[in-house]
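Student: Please work out how this folds:
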Amino acid sequence: MSEANIKKFKRSRTKRLYYFDYSLFLMLIILFAFGMVMLYSVSAYQGNLKFGDSAYYLKRQAFFGAAGMLILFIMIKVGYSFLDKLSGLLYFVSLILCVAVNFMGSSGGGSVRWFRLGPLNIQPSEIAKVAVIIFLAHLISRSNKSLRSTASIIKAFLLILPFVVVIAYSNLSTAIIVAGIAFIMLFVAGKKSLVFIVLLIIGALGVVLFIVFQGYRSNRILVWFHPEDYTEGFQTMQALYAIGSGGVFGRGLGASMQKLGFVPAANNDMIFSIICEELGIIGAIGLMILYILFAWRCLVIALNAVDQFGSFLVIGIMTHISLQVVLHVAVCTNSIPNTGVTLPYISYGGSALIMLLFEAGIVLSVSAKIPIPAEADEGTVLTQ
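Tutor: Here you go, the predicted model:
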């Protein structure tokens, strides 16, 4: 080997290598592709019935997915660090949007949750979830030592409380998710366990008060216990019929009967029930394993992140996706009262899909900043 080649080889060995979680990216692609297949299967009948186009919902979801993927790759290229400086602005803008939608938003399904901009519907609560994660990651990374005191933890919760209250006015399930994200992120950062028990009790009481003072939510508790006795329990009963009729191996992809107008909101809030009907318990378990692996890779990235801001960004995103999966499955199986929660990367919804892909871009950008030790081989993959 010539002297020039030796110097070139030494430079290549000393060049710092960075890790990128290709396994997480592959899982994301599988989830997105599976979601597109299931969405077409579930929505083809309704699309043809309402719009004369069986691929209507699929085309719209593909458009939003393409936009989300573009944002994802931009995030990977640019990196997540700039979000630290924008955390305050994102906090205030998203809060203003959440307040404004109650006065200027469009209604759908009995609730006012969207801004309608031509053919597009923007849901501010989806933006709020990400804004809360970014803001708390900024707060924790800048004041981690002070979060050891009870007062600082309570102050942090009070900063998130306006989001919870405003969103709960029209969308209690999303408010619970936002509160859950804040709770987990601050619990991981905090050192006082007793204060979190107290906050958990206060939160539970807050949910009870929202249910008591809004009569239709109180009725959902009754429907939850005996869905067969109430007309409001129709959706739950049809979802349970779908899950039960799927059996172990399912009726087969595209062979669902319940999606033919029997299960309301089958393409978003109840899509898991149709997955169970068509792919059976085996298919549902396979999907849950994929979500668990997705969360595990997020945890690996969070533990190896180069800074606290990146680490808590990933913890918040992992919490968000995990909570939403659990709540969606719980609603479909009638384990909790019926409330609108979509299944991440699977359910129909433009705002939700774009924000979820944006979150995935953040996680992957955090992974791309993780340095591989100089003595490691280029094929090294982080596992812990």
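Student: chain center to the helix or strand encompassing S141: distance?
Tutor: Using DSSP states H and E, S141 sits in helix 124-142. A distance of 13 Å separates the centroid of the chain from that of helix 124-142, by Cα atoms, centre = their mean, to the nearest Å.
Student: and after that helix, which helix or strand comes next?
Tutor: Following helix 124-142 in sequence, per DSSP H and E, is helix 150-168.
Student: Just list what that next one packs against, helices and strands only.
Tutor: If you count contacts as 3 or more Cβ pairs under 8 Å, 6 or more residues apart in numbering; DSSP states H and E, helix 150-168 packs onto helix 82-104, helix 124-142, helix 172-189, helix 193-213. Any C-beta I mention is one placed from the backbone N, CA and C, and that applies to glycine too.
Student: Next, format the ones you listed as a markdown table and append mean neighbour count, distance to I321 and mean pLDDT.
Tutor: Putting the helices and strands packed on helix 150-168 into a markdown table (neighbours: other Cβ atoms under 10 Å; distance: least, Cβ to Cβ, whole Å; pLDDT from 0 to 100) gives the following:
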| stretch | mean neighbour count | distance to I321 | mean pLDDT |
| --- | --- | --- | --- |
| helix 82-104 | 16 | 18 | 90 |
| helix 124-142 | 24 | 10 | 92 |
| helix 172-189 | 22 | 10 | 90 |
| helix 193-213 | 13 | 20 | 78 |
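Student: And those: which comes nearest A305?
Tutor: A305 lies closest, by Cβ to Cβ, to one member of those: helix 124-142, at 10.4 Å.
Student: now the angle from the closest one to helix 82-104?
Tutor: 150 degrees (axes from the mean of the first three to the mean of the last three Cα atoms, to 10 degrees).
Student: Let's see helix 124-142 as PDB, backbone CA atoms only.
Tutor: Output in PDB follows, covering the C-alpha atoms of helix 124-142 (Å, rounded to 0.1, in the frame of the first residue of the first chain):
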ATOM      1  CA  PRO A 124     -55.000  22.100  16.300                       C
ATOM      2  CA  SER A 125     -55.000  19.500  19.100                       C
ATOM      3  CA  GLU A 126     -52.600  17.300  16.900                       C
ATOM      4  CA  ILE A 127     -50.200  20.300  16.700                       C
ATOM      5  CA  ALA A 128     -50.600  20.800  20.400                       C
ATOM      6  CA  LYS A 129     -49.400  17.300  21.300                       C
ATOM      7  CA  VAL A 130     -46.100  17.900  19.500                       C
ATOM      8  CA  ALA A 131     -45.800  21.500  20.900                       C
ATOM      9  CA  VAL A 132     -46.200  20.200  24.400                       C
ATOM     10  CA  ILE A 133     -43.500  17.600  23.800                       C
ATOM     11  CA  ILE A 134     -41.000  20.100  22.400                       C
ATOM     12  CA  PHE A 135     -41.800  22.700  25.200                       C
ATOM     13  CA  LEU A 136     -41.300  20.200  28.000                       C
ATOM     14  CA  ALA A 137     -38.200  18.800  26.500                       C
ATOM     15  CA  HIS A 138     -36.800  22.300  26.400                       C
ATOM     16  CA  LEU A 139     -37.900  23.000  30.000                       C
ATOM     17  CA  ILE A 140     -36.400  19.800  31.300                       C
ATOM     18  CA  SER A 141     -33.100  20.100  29.400                       C
ATOM     19  CA  ARG A 142     -32.700  23.700  30.800                       C
END
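Student: Check which helices and strands that helix sits against.
Tutor: Using 3+ Cβ pairs under 8 Å, 6+ apart: helix 124-142 touches helix 82-104, strand 111-117, helix 150-168, helix 172-189, helix 308-332, helix 350-367.
Student: Beyond the second one, next helix or strand please.
Tutor: To tie it back to what came earlier, the one meant is strand 111-117. Later in the chain than strand 111-117, the nearest helix or strand by DSSP H and E is strand 120-122.
Student: Quick check: which ranges of the stretch 251-384 of the chain have low pLDDT?
Tutor: The stretch 251-384 of the chain contains residues with pLDDT under 70 at 373-384.
Student: Is it correct that Q308 is in contact with S141?
Tutor: Yes. Assessed by Cβ atoms under 8 Å, Q308 is found in contact with S141 at 4.0 Å.
Student: quick one: the helices in the stretch 201-350 of the chain?
Tutor: 215-225, 234-246, 271-304, 308-332, 350-367 (DSSP state H, counting those that start in this stretch).
Student: of those helices, which approaches F103 most closely?
Tutor: Proximity to F103, assessed across the helices of the stretch 201-350 of the chain by Cβ to Cβ, is greatest for helix 350-367 (18.7 Å).
Student: Against A66, how distant is the residue positioned nearest the centre of the chain?
Tutor: Nearest residue to the geometric centre of the chain (Cα atoms, centre = their mean): I321, 3.4 Å. Distance check for I321 against A66: by Cβ to Cβ, to the nearest Å, it reads 21 Å.
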